[in-house]
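Participant: Structure, please.
(one chain, ligands or ions: 1)
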Amino acid sequence: MSSKVSRKQFLKGMAVGGTMTLAASTLAGCQKAMPSGPVPSKWDEEADVVVVGTGFAGLAAAIEAKNAGAAVKVIDKMETPGGNSIINGGDFAAPGNWYQKEQGIEDSPELMLKDMLKAGLNLNHVDRAKVLTEKALEAAEWARDYIGAEFYRLTFHGGHSVPRTVQLVKGGSELINKMLKKLQELGVTVETQRKLERLIVDEAGRVVGIEARDGYTFGDETSGKTIYIKAKKAVVLATGGFSRDIKMRMIHDPRLTEAFESTNHPGATGEALRAALKIGAMDVHMDWIQLGPWASPDEPGFGYVPLFCERVVGWAPMINPKTGKRFINETGNRKVRADAIIEIGVPVIIVADTYATEKNVPANVIENGLKIGAIKKFDTLEEVAKEYGIPWDAFKAEVERWNQFVENKKDEDFNCMIFQDAKPLGFQPPFYAARLWPKVHHTMGGLVTDVNGRVINQDFQPIPGLYAAGEVTGGIHGAVRLGGVAMADCVVFGRIAGKNAAAETPAA
Ligand SMILES: Cc1cc2nc3c(=O)[nH]c(=O)nc-3n(C[C@H](O)[C@H](O)[C@H](O)COP(=O)(O)OP(=O)(O)OC[C@H]3O[C@@H](n4cnc5c(N)ncnc54)[C@H](O)[C@@H]3O)c2cc1C
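Facilitator: As a prediction, this is how the structure comes out:
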């Protein structure tokens, strides 16, 4: 074989090697964390592996570390466990899954990777994204078969080229509650109201434990008392994203003032991520902060409208109320849709008829949305126009045009993916409509980790004794996270981090 490497081969190798190549490089600097303050002379508690955070990533890590024989401690700063994961919609991207097989939908890890890279503008750390796509199905099966979580159907999210998300009954709480039960069976107690404040580094530059506030009440920084927990093998950071940290998100994207609501739980703040930066961890993509284009200004938090909107895209049009016209590919990724709505400057409208709604949206979503007024019901499209101030003639003409595209199963204006069973709008009145305005939903940026879940430092080397998984990490999604891929990321890399943390040699 020739020793010469073509430019194409070289670039291909770089793309696949990604962060691992950097971590393994012998040219890179030292494998150490920076000191963060004194190492306590006496520890209050200890475990082999200390997991911080009780979302999908933290609980997956804790279960795997325990099953690998480690003594595990799991803490969370909030009063109740689960973070964003427990309020999550429960859509888990898994290429080649059992529902796809039943329905004859062809899919593969390679196709999912292609979709992720396209949406992520090729900023994704390919090595980790590849592991994610290759292990996502196994992770969903682990959730179903080992944890006992119940899934009930296949769903579609914008930016995927096929429907590939398996959805949990009762959303993310189904998996979180069953993981908590599994941990209990394994003899691991989840300790809430314990907030990580500092990662403790020994003289050799290894993370050997944490400083935490025990008895912490969220929002009261003086509550509780300081304790020191020794991590004989490793700390796993699984502290989620920073969508609710207004100061931090505005540093990275100054547009995201308090005027933007968030879909996240209140504790989605970034102090744990910053604790890792303080000991020399590297961060990436911090200014890629995702807005959910399917959110409604007429309800707090995540609410019901996302579960209506995201289920009827590809069946129903989104309308600019100023012009009465469509303005974007409704099945496009979250960023293109959110940016287009912000550009319009006022909430846009999604309108579906009973046929599309009954086929796709759980009845309780519509009932609850109607009850709080975020979803409205209309007998005619003219009433829809009147309610939202949409110019009727233009709207009517646009619906006729849309209906033609639906008949032909081809959108000539925006290339929206029109589903096979979709029927023209008005096939079965009455109509359901909602206003859409983006909310801060996901922080793609975070700590740089390698394929083994180890946190990488500013010298491109793994920090001894420190792992991370889930939304606290960055790079895997690139510019845009696709729907359902966060769950796959959390479970795949939570499991990897937990197993590897348990396999560490204890600190001297
Ligand atoms: C409403 C909603 C719906 C979603 N639906 C989907 C979906 O259907 N599919 C999908 O793939 N993704 C979805 N996502 C995204 C996905 O749910 C999240 O990315 C994922 O749950 C993050 O999991 P995690 O384990 O990384 O963090 P989290 O689940 O947020 O858990 C982090 C935990 O760490 C704790 N913590 C933080 N800081 C500290 C500290 N200093 N000390 C101690 N504890 C700390 C927090 O209190 C929290 O409990 C959704 C997100 C939201 C908000």
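Participant: How many residues are close by the spatially closest residue to F427 that is not a sequence neighbour?
Facilitator: Distances taken as C-beta to C-beta, 6 or more residues apart in numbering put Y355 closest to F427, at 4.7 Å, once the chain neighbours are dropped. (Glycine included, C-beta is placed from N, CA and C.) Neighbourhood size, Y355 [other C-beta atoms under 10 Å]: 19.
Participant: continuing past the helix or strand containing Y355, what's the next helix or strand?
Facilitator: Secondary structure from DSSP states H and E places Y355 in helix 354-360. From helix 354-360 onward toward the C-terminus, using DSSP H and E, the following helix or strand is helix 363-372.
Participant: Would you mind pulling up the elements that that next one packs against?
Facilitator: Other elements packing on helix 363-372 under the criterion 3 or more C-beta pairs under 8 Å, 6 or more residues apart in numbering; DSSP states H and E are helix 305-312, strand 375-378.
Participant: Pick out the residue in the stretch 401-508 of the chain sitting closest to the ligand.
Facilitator: Residue of the stretch 401-508 of the chain nearest the ligand, by C-beta to the nearest ligand atom: G470 (2.4 Å).
Participant: where's that residue relative to T443, distance?
Facilitator: Distance, G470 to T443, using C-beta to C-beta, to the nearest Å: 11 Å.
Participant: Same question for L186.
Facilitator: Distance of L186 to T443, computed by C-beta to C-beta: 31 Å.
Participant: Compare those two and say which is more crowded by neighbours.
Facilitator: Residue environment comparison for L186 versus T443 gives the larger neighbour count to T443, 31 against 12, counting by other C-beta under 10 Å.
Participant: wait, what's in contact with that one?
Facilitator: 241-243, 249, 286, 288-290, 471, 474 (C-beta atoms under 8 Å, 6 or more residues apart in numbering).
Participant: Dump the residues you listed to TSV, plus pLDDT, neighbour count and distance to P266.
Facilitator: Conversion of those to TSV gives the following (pLDDT from 0 to 100; neighbours: other C-beta atoms under 10 Å; distance: C-beta to C-beta, whole Å):
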residue	pLDDT	neighbour count	distance to P266
G241	98	31	13
F242	98	29	12
S243	98	28	10
R249	97	27	14
M286	98	20	21
W288	97	23	22
I289	96	23	17
Q290	94	24	18
E471	98	32	15
G474	98	24	22
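Participant: which strand is the longest one in this structure?
Facilitator: Using DSSP state E, we find that the single longest strand of the chain is strand 225-237.
Participant: can you give me how far that strand is from the chain middle?
Facilitator: Distance of strand 225-237 from the chain centroid (C-alpha atoms, centre = their mean, to the nearest Å) equals 26 Å.
Participant: Check which helices and strands it is in contact with.
Facilitator: Counting contacts by 3+ C-beta pairs under 8 Å, 6+ apart, the secondary-structure elements packed against strand 225-237 are strand 45-52, helix 56-67, strand 194-201, strand 207-214, helix 271-278, strand 462-468, helix 485-502.
Participant: residues contacting V480?
Facilitator: V480 makes contacts with 119-121, 159, 288, 290, 333-335, 444, as judged by C-beta under 8 Å, 6+ apart.
Participant: wait, G332
Facilitator: For G332, the residues meeting the contact criterion (C-beta under 8 Å, 6+ apart) are 158-159, 414, 416.
Participant: and it, what element?
Facilitator: No secondary structure element spans G332, as it lies outside all helices and strands (assigned by DSSP H and E).
Participant: Now it: phi and psi?
Facilitator: phi -70, psi 170 (degrees, to the nearest 10).
Participant: Then L175?
Facilitator: Reported as degrees, to the nearest 10, the phi and psi values for L175 are phi -70, psi -40.
Participant: Touching, it and D91? I think so.
Facilitator: No. L175 lies out of contact with D91 (C-beta atoms under 8 Å); the separation is 11.2 Å.
Participant: What's the separation between L307 and T354?
Facilitator: When C-beta to C-beta is applied, the distance between L307 and T354 equals 17 Å.
Participant: actually N452, sorry about that
Facilitator: For N452, the distance to T354 equals 51 Å [C-beta to C-beta].
Participant: cool, and E258?
Facilitator: Plainly put, E258 is 38 Å away from T354 if you go by C-beta to C-beta.
Participant: Residue of the stretch 301-450 of the chain nearest the ligand, please.
Facilitator: F302 (3.4 Å).
Participant: Tell me which of the contacts of G332 fall in helices.
Facilitator: Among the contacts of G332, none falls in helices (DSSP state H).
Participant: So which of the helices and strands packed on helix 363-372 is the most surrounded?
Facilitator: Across these, averaging neighbours per residue (mean count of other C-beta atoms under 10 Å) puts helix 305-312 on top, at a mean of 24.
Participant: check whether that helix contacts the ligand.
Facilitator: No. Shown here: helix 305-312 not in contact with the ligand (C-beta under 6 Å from any ligand atom), separated by at least 7.5 Å.
Participant: so for that helix, what's the average pLDDT?
Facilitator: For helix 305-312, the mean per-residue pLDDT is 96.
Participant: cool, and stretch 150-170?
Facilitator: Confidence for stretch 150-170, expressed as mean pLDDT, is 95.
Participant: how far is it from where the chain is centred?
Facilitator: In terms of C-alpha atoms, centre = their mean, the gap separating the centre of stretch 150-170 from the centre of its chain is 14 Å.
Participant: ditto for stretch 88-106
Facilitator: Relative to its parent chain, stretch 88-106 has a centroid offset of 17 Å by C-alpha atoms, centre = their mean.
Participant: how long is it end to end?
Facilitator: With C-alpha to C-alpha, to the nearest Å as the measure, the first residue of stretch 88-106 is 27 Å from its last.
Participant: again with stretch 316-332
Facilitator: Note: stretch 316-332 ends 13 Å apart using C-alpha to C-alpha.
Participant: And stretch 341-349, by the same measure?
Facilitator: The first and final residues of stretch 341-349 sit 10 Å from each other (C-alpha to C-alpha).
Participant: Would you mark the buried spots in it?
Facilitator: Applying a neighbour-count criterion of 16 or more other C-beta atoms under 10 Å, one finds 341, 347-349 buried in stretch 341-349.
Participant: What average pLDDT does it get?
Facilitator: Summarised as a single mean, pLDDT over stretch 341-349 is 95.
Participant: tell me the pLDDT at the residue lying closest to K73 once chain neighbours are set aside?
Facilitator: Among residues not flanking K73 along the chain, A47 sits closest, at 3.8 Å (C-beta to C-beta, 6+ apart). At A47 the predicted local distance difference test score is 98.
Participant: Can you get me a residue count around A47?
Facilitator: If you count neighbours by other C-beta under 10 Å, A47 ends up with 20.
Participant: how about it, what does it touch?
Facilitator: Taking C-beta under 8 Å, 6+ apart as the contact definition, A47 lies against 70-73, 229-232.
Participant: how about those in a markdown table, adding pLDDT, neighbour count and distance to A275?
Facilitator: As requested, the contacts of A47 are exported to a markdown table (pLDDT from 0 to 100; neighbours: other C-beta under 10 Å; distance: C-beta to C-beta, whole Å):
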| residue | pLDDT | neighbour count | distance to A275 |
| --- | --- | --- | --- |
| A70 | 98 | 24 | 22 |
| A71 | 98 | 16 | 23 |
| V72 | 98 | 28 | 20 |
| K73 | 98 | 25 | 17 |
| I229 | 98 | 24 | 14 |
| K230 | 98 | 20 | 16 |
| A231 | 98 | 29 | 14 |
| K232 | 98 | 19 | 19 |
